[in-house]
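# structural data only, the sequence is not supplied:
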């Protein structure tokens, strides 16, 4: 009989507390502020982008386009770059997340990783493109390749983080 | 009365579609881009964000600062003694040079007084600790300690190797230096060998500049040293800017393509010298 009682799909219910979401963004931002440079910059994952993907997929009602946009401002500030660049790329990223959301939810982790990789790469390359249009230099090839890859690998490591995804609530 | 109290009905059938929301935010981002890049209207916002995130920045600076402290603690007495000896030797060597300079300066000001010429401006300066570089591959910047209390916007920043850059952003607690290799910075220079005056423009690549509008026939060759010419009243005269690494002359254009390398390794400095500009000016960003 349990299977016949109507349930809101677990994926639609906000189970993560707002403070947890906020804390994750805080930690992500803190890691971004660390003095990355030289070779370290090659492997620096776009942590805020990754968090936007994670919460955008699992908690779309808590983290929306507006949050993504505001986080873009934080990212621009951390890179001491022109305001608006990451706002633009994260808006694009969030659109793509919602486009692929159901598909990502239904996949197993390795397949999810491929999607995350593509999403991160698109947002990263969009950023480089905007920079190119604004007249800045084109970054070296490792910067096109490695950061999205590190981000995707971090996605694979999600099971290592505590309380990773919303669990379906048993109807008791 | 309660009979007339209207209940707000549902005005919209559903939330706007995702493409519309994302599109509107993207438009907003574009507006911010233009406001910041072309009109510099978001400086106050940047300052506010800086103050808000100050505790986080302090935490993020910790690894760098503890690294410095650890390095200071892990030096052996022998190393210190050796370093001390080298420095003392250098001081002795420089004392002679300084003495000569003082004599020359006195003579120069006497001569200048004879022909009623004004003395060249003096630039007071002070040392600042480097906090790090912003994690950004396309802009050449450096964050240094010391904020609006001690540092003026537009101050030139030097190292023992020559000119490093210019202060372009002053926060309450720290400042941001744009390096001369940054695309947005231009330095008036003169060639040490020939005295030719021209401009050096940052290329956007680490440690690289180029000289625009140098006629093909100009006497300029690989290895020429460029110094600041001081005609802008901002950079003191005679600081090393870089060395010419290639001069390419094309038949199709009237101008030569001149590449310049700075002899600065940005990562290797923990202290820089911030001087005061003669006439406080706004940075050319």
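Looks like it came in fine. Model, not experiment: these values are computed from the prediction.

# residue nearest the middle of chain A, spatially speaking?
Nearest residue to the geometric centre of chain A (CA atoms, centre = their mean): residue A:50, 2.4 Å.

# tally up the residues packed near residue 45, please.
Just going to use chain A. Residue A:45 has 22 neighbouring residues, counting by other CB atoms under 10 Å in any protein chain shown. For every residue, glycine as well, the C-beta is placed using N, CA and C.

# other chain: chain B
15.

# over to it. Which of the three states is it?
With DSSP: H, G, I helix; E, B strand; the rest coil as the basis, the three-state label of residue B:45 is helix.

# go through the chain and flag its longest helix.
By default, I'm working from chain A. In terms of residue count, the longest helix belonging to chain A (DSSP state H) is helix A:109-134.

# wrong one, chain B
Chain B, longest helix under DSSP H: helix B:77-114.

# flag the shaky bits of the stretch 51-200 of chain B, pLDDT-wise.
Flagging of the stretch 51-200 of chain B using pLDDT under 70 yields the residue ranges B:117-123.

# brain fart, chain A
Using pLDDT under 70, the flagged stretches of chain A are A:1-15, A:162-172.

# could you pull out the helices in it for me?
Along chain A, counting by DSSP H, helices occupy A:18-33, A:39-43, A:47-58, A:65-78, A:85-106, A:109-134, A:141-156.

# and chain B, by the same measure?
B:18-37, B:43-52, B:54-73, B:77-114.

# quick one: closest of these to residue B:212.
helix B:18-37 (21.6 Å; CB to CB).

# now stretch B:153-162: how far from the chain's centre is it?
7 Å (CA atoms, centre = their mean, to the nearest Å).

# endpoint to endpoint, it covers what distance?
With CA to CA, to the nearest Å as the measure, stretch B:153-162 spans 20 Å from end to end.

# how far out from the middle of the chain is the longest helix of chain A?
On CA atoms, centre = their mean, the centre of helix A:109-134 falls 10 Å from that of its chain.

# how about stretch B:39-54?
Counting by CA atoms, centre = their mean, stretch B:39-54 comes out at 19 Å from the chain centroid.

# what's the closest of the helices of chain B to residue B:243?
helix B:77-114 (22.3 Å).

# which positions within the closest one qualify as buried?
Buried residues in helix B:77-114, counted by 16 or more other CB atoms under 10 Å in any protein chain shown: none are found.

# against chain A, how distant is residue B:272?
Per CB to the nearest CB, to the nearest Å, residue B:272 is found 16 Å from chain A.

# surely that residue and residue B:162 touch.
No: counting by CB atoms under 8 Å, residue B:272 does not reach residue B:162; the two are 11.5 Å apart.

# so which elements touch the longest helix of chain A?
Helix A:109-134 sits against helix A:47-58, helix A:85-106, helix A:141-156, helix B:18-37, with contacts defined as 3 or more CB pairs under 8 Å, 6 or more residues apart in numbering or on different chains; DSSP states H and E.

# any idea which of those helices is most buried?
Of those, the one with the most neighbours on average (mean count of other CB atoms under 10 Å in any protein chain shown) is helix A:47-58, at a mean of 23.

# what's the distance between the residue lying closest to residue A:156 once chain neighbours are set aside and chain B?
Leaving aside its sequence neighbours, residue A:156 sits nearest to residue A:113 (CB to CB, 6 or more residues apart in numbering or on different chains; 5.2 Å). Noted for residue A:113: a distance of 23 Å to chain B, by CB to the nearest CB.

# now residue A:146
Residue A:146 is 12 Å from chain B, by CB to the nearest CB.

# with residue A:48 instead?
Applying CB to the nearest CB to residue A:48 and chain B gives a distance of 12 Å.

# and for stretch A:115-129, what's in contact with it?
A:45-46, A:49-50, A:53, A:85-86, A:88-90, A:92-93, A:96-97, A:100, A:103-104, A:107, A:138-139, A:143-144, A:147-149, A:151-152, A:155 (CB atoms under 8 Å, 6 or more residues apart in numbering or on different chains).
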